[in-house]
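1. kindly generate the corresponding structure for this input.
(2 chains)
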2 protein chains.
Amino acid sequence: MQVVSTVKEVRDIVAGWRKEGKTVGFVPTMGYLHEGHGSLISKAVEQNDKAVVSIFVNPMQFGPTEDLESYPRDLEKDSKFCESLGADLIFHPEPEEMYHDGFSSFVDMTVLTEELCGLSRPVHFRGVCTVVSKLFNIVQPDRAYFGQKDAQQLAVIKHMVDDLNMNVEVIGCPIIREEDGLAKSSRNTYLSAEERKAALILSKTIFMGQKMVEEGETDAVKLVEAMKKNIETEPLAKIDYVKAVDGLTMQQVTELKSPALVAMAVYIGKTRLIDNFMI
Amino acid sequence: MQVVSTVKEVRDIVAGWRKEGKTVGFVPTMGYLHEGHGSLISKAVEQNDKAVVSIFVNPMQFGPTEDLESYPRDLEKDSKFCESLGADLIFHPEPEEMYHDGFSSFVDMTVLTEELCGLSRPVHFRGVCTVVSKLFNIVQPDRAYFGQKDAQQLAVIKHMVDDLNMNVEVIGCPIIREEDGLAKSSRNTYLSAEERKAALILSKTIFMGQKMVEEGETDAVKLVEAMKKNIETEPLAKIDYVKAVDGLTMQQVTELKSPALVAMAVYIGKTRLIDNFMI
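-> Numbers count the residues shown, from 1 in each chain, chains lettered A, B, ... in the order given. Predicted coordinates:
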């Protein structure tokens, strides 16, 4: 496995693979990898001749008051993890390699970015769409892998690829959870022991919502109210949003029918965590 | 030469060429082709194994009060012209093929789009960047050709390609003029006989400005004032802008030094024409 930091190195390596007729899978990440990323990397390794992982904490997708500086980083551990899963290349650029002086272009989206995380984090999806467009152009993969945990991000990327005729297949992969249910996230590392326990309210509420739907609830307002009420039983939890939206357009719905997404963002102390389930 | 109207047809044809190791040149146009486009197509034919021309009047780059509906179209004449120059493929999509229901992504740029045509036509460059991104993703050319007549467009496209790591070489080609000096444009067809004469004030003023610079003028304000004064001698002409800007950032300059762009947009009757020269 190689670890490179420049666009040119990636292009040269991938061009070599292309000459040999190899297919390329790609997993864009912000690093501090956990088993959620691991499941994406394993799928990329399994479905393609070569697998590329990018590790880049993208400044453009963080708001001014967000956790860009404190976002956890551990390249050495990440490299070992990627190698153990069979990845072929890590692309780990510095911010200056991605955003040179005078950088002024961006990719953005209306509609799908107006609810959920897009509402709470106004510059977030512009940053995500722009960096993913760049990474797709650099790596030019056949397939790219994203986690269902960031359900809105997955929907936005799929829509962007379709709208802009990008020549890549976007594959969503299921949420990976800790044994006690908490969705795996690099941000879980921010939690104190007490907060770690309190954070279980997210997955517990997700499971509760899933059960309500399985048992026949079709009223989105009732479902969301019940879920909010459940979260409010946890004193350390502060709701950012709990919403039921159309699974494709990300617009709020009143009736629960497939494809729908029930998603939440909840602060546990200062840490903002997300979780969701699809109908 | 083939003429196709779907993204899939273009992809299949280009994929076939790629398998044979052919290089691909691309000329995006809005059709109603003239010798200005011809010079781009000829260069694409000359520098690549295969040459693709797109003909698409892109609704997204027209403002609500602009000439989208009346923009001239003649696919049959355009096809013959492209074939005579040795092009291999015309892509002529309907708007619905490019912008399906629910289309909501866009590519845009700050800084370079704030002056000149970007100021007069606020949605214009968002439309241009978006459609060119789409066309680049569909055709995946090695080289793409744009006229220097739309100098700001050329600068914007070059900057977008660089910012977003698009894997294409952007080549600018000189302005092609009528014998009497008027820059070739599909919009010249709007001009009455009287307006056609009056339109010469653009090229005459460009040549005057070039001469002033050759003779040592370095004061951008003086140059622009002299050019404006010259245009105002023509009763049918109404200035949209005459400006001297940095050739890369498109920001206004006070001193004329390379690379600079001196550009104008002038209404002749209801027809908005542009012309420019580089320093």
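2. other SSEs contacting the worst-scoring helix or strand of chain A on mean pLDDT?
-> Lowest by mean pLDDT, DSSP states H and E among the helices and strands of chain A is helix A:116-120, with a mean of 89. If you count contacts as 3 or more Cβ pairs under 8 Å, 6 or more residues apart in numbering or on different chains; DSSP states H and E, helix A:116-120 packs onto helix A:124-139, helix A:151-163, strand A:237-246, strand A:260-268. Placement of C-beta: from N, CA and C, glycine included.
3. restrict stretch A:199-212 to CA atoms and write it as CSV.
-> Extracted in CSV, the C-alpha atoms of stretch A:199-212 (Å, rounded to 0.1, in the frame of the first residue of the first chain):
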residue,chain,number,x,y,z
ALA,A,199,-25.3,9.1,23.8
LEU,A,200,-27.1,5.8,23.8
ILE,A,201,-30.3,7.8,23.7
LEU,A,202,-29.8,8.3,19.9
SER,A,203,-29.7,4.6,18.9
LYS,A,204,-32.4,3.7,21.5
THR,A,205,-34.7,6.3,20.0
ILE,A,206,-33.9,5.1,16.4
PHE,A,207,-34.7,1.5,17.4
MET,A,208,-37.9,2.8,19.1
GLY,A,209,-38.9,4.6,15.9
GLN,A,210,-38.2,1.6,13.7
LYS,A,211,-40.4,-0.5,16.0
MET,A,212,-43.2,2.0,15.8
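4. tell me which residues are up against it.
-> By Cβ atoms under 8 Å, 6 or more residues apart in numbering or on different chains, the residues outside stretch A:199-212 that reach it are A:177, A:180-183, A:188, A:191, A:223, A:226-227, A:230-231, A:233-234, A:237, A:242, A:262, A:264, A:266, A:268, A:271, A:273-277.
5. re earlier: B:Gly247 is nearest to which of the helices and strands packed on helix A:116-120?
-> Using Cβ to Cβ as the criterion, the shortest distance between B:Gly247 and the helices and strands packed on helix A:116-120 is 24.7 Å, found for helix A:124-139.
6. partners of the following helix or strand past that closest one in the sheet?
-> Downstream of helix A:124-139, the next assigned helix or strand under DSSP states H and E is strand A:143-147. Looking at strand A:143-147 with DSSP bridges, its partner strands are strand A:24-29 (parallel), strand A:169-173 (parallel).
7. in strand A:143-147, which residues are buried?
-> For strand A:143-147, burial by neighbour count (16 or more other Cβ atoms under 10 Å in any protein chain shown) applies to A:143-147.
8. a markdown table for the residues you listed, including pLDDT?
-> Output for the buried residues of strand A:143-147, formatted as a markdown table (pLDDT from 0 to 100):
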| residue | pLDDT |
| --- | --- |
| A:Arg143 | 98 |
| A:Ala144 | 98 |
| A:Tyr145 | 98 |
| A:Phe146 | 98 |
| A:Gly147 | 97 |
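9. and the two most separated of the residues you listed?
-> So, the buried residues of strand A:143-147 by Cβ to Cβ: farthest apart are A:Arg143 and A:Gly147, at 14.5 Å.
10. quick one on the thing from earlier: who touches the least confident helix or strand of chain A?
-> Helix A:116-120 is touched from outside by A:112, A:124-125, A:150, A:152-153, A:240-241, A:243, A:245, A:250, A:263, A:265, A:274, with contacts defined as Cβ under 8 Å, 6+ apart.
11. hmm, 7 Å instead?
-> Contact with helix A:116-120 is made by A:124-125, A:152, A:240-241, A:243, A:245, A:250, A:263, A:265, as judged by Cβ atoms under 7 Å, 6 or more residues apart in numbering or on different chains.
12. for that helix, C-alpha coordinates in PDB please.
-> Listed next in PDB are the C-alpha coordinates belonging to helix A:116-120 (Å, rounded to 0.1, in the frame of the first residue of the first chain):
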ATOM      1  CA  LEU A 116     -31.700  18.300   8.300                       C
ATOM      2  CA  CYS A 117     -27.900  18.900   8.500                       C
ATOM      3  CA  GLY A 118     -28.100  21.400   5.700                       C
ATOM      4  CA  LEU A 119     -30.300  23.700   7.800                       C
ATOM      5  CA  SER A 120     -28.100  23.400  10.900                       C
END
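13. run the chain-centre distance for that helix.
-> Averaging C-alpha positions (Cα atoms, centre = their mean, to the nearest Å) puts helix A:116-120 14 Å from its chain's average.
14. and the residue lying closest to A:Phe62 once chain neighbours are set aside, how many residues sit next to it?
-> Once flanking residues are discounted, A:Phe62 sits nearest to A:Leu68: 4.0 Å by Cβ to Cβ, 6 or more residues apart in numbering or on different chains. Other residues lying near A:Leu68 total 15 when counted by other Cβ atoms under 10 Å in any protein chain shown.
15. then the one 10 residues further on?
-> By other Cβ under 10 Å, the residues close to A:Asp78 number 20.
16. which parts of chain A sit against chain B?
-> Proximity of chain A to chain B, by Cβ under 7 Å from any Cβ of the partner chain, involves residues A:7, A:102-112, A:133-134, A:137-138, A:140, A:159-160, A:163-167, A:249.
17. may I see the ChimeraX selection of the buried members of the residues you listed?
-> Buried subset of those, written as a ChimeraX selection, criterion 16+ other Cβ under 10 Å:
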select /A:7,103,104,105,106,107,108,109,111,112,133,134,137,138,140,159,160,163,164,165,166,249
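18. can you name the residue of the stretch 151-279 of chain A nearest chain B?
-> For the stretch 151-279 of chain A, the nearest residue to chain B under the criterion Cβ to the nearest Cβ is A:Asp163, separated by 3.7 Å.
19. would you mind measuring from the residue nearest to that residue when sequence neighbours are not counted to A:Arg121?
-> Here the nearest residue to A:Asp163 in space, its sequence neighbours aside, is B:Ser105; by Cβ to Cβ, 6+ apart that works out to 3.7 Å. According to Cβ to Cβ, to the nearest Å, B:Ser105 stands 18 Å off from A:Arg121.
20. quickly list the domain ranges of chain A.
-> A:1-171, A:186-276 (the TED database).
21. now do the same end-to-end measure for the shortest one.
-> Across its full length, domain A:186-276 reaches 17 Å between end residues, using Cα to Cα, to the nearest Å.
22. starting at the chain centroid, how far to that domain?
-> When distances are taken as Cα atoms, centre = their mean, domain A:186-276 is centred 16 Å away from the chain's centroid.
23. same thing with stretch A:92-106?
-> Between the mean C-alpha point of stretch A:92-106 and the mean C-alpha point of its chain there is a distance of 21 Å (Cα atoms, centre = their mean).
24. and stretch A:96-108, by the same measure?
-> So, by Cα atoms, centre = their mean, the centroid of stretch A:96-108 is 21 Å from its chain's centroid.
25. extract the C-alpha trace of it and format it as PDB.
-> The C-alpha coordinates for stretch A:96-108 follow below in PDB (Å, rounded to 0.1, in the frame of the first residue of the first chain):
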ATOM      1  CA  GLU A  96      -2.900  23.800   0.400                       C
ATOM      2  CA  GLU A  97      -2.700  20.900  -2.100                       C
ATOM      3  CA  MET A  98      -6.500  20.900  -2.300                       C
ATOM      4  CA  TYR A  99      -7.200  24.700  -2.000                       C
ATOM      5  CA  HIS A 100      -4.500  26.800  -3.600                       C
ATOM      6  CA  ASP A 101      -4.300  30.600  -3.400                       C
ATOM      7  CA  GLY A 102      -7.100  32.100  -5.400                       C
ATOM      8  CA  PHE A 103      -9.400  29.000  -5.100                       C
ATOM      9  CA  SER A 104     -12.900  30.300  -5.900                       C
ATOM     10  CA  SER A 105     -15.000  27.500  -7.500                       C
ATOM     11  CA  PHE A 106     -17.600  25.500  -5.800                       C
ATOM     12  CA  VAL A 107     -20.200  22.800  -6.400                       C
ATOM     13  CA  ASP A 108     -23.500  23.200  -4.500                       C
END
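26. what's the average pLDDT for it?
-> When the per-residue pLDDT values of stretch A:96-108 are averaged, the result is 96.
27. same thing with stretch A:212-219?
-> Rounded mean pLDDT across stretch A:212-219 is 96.
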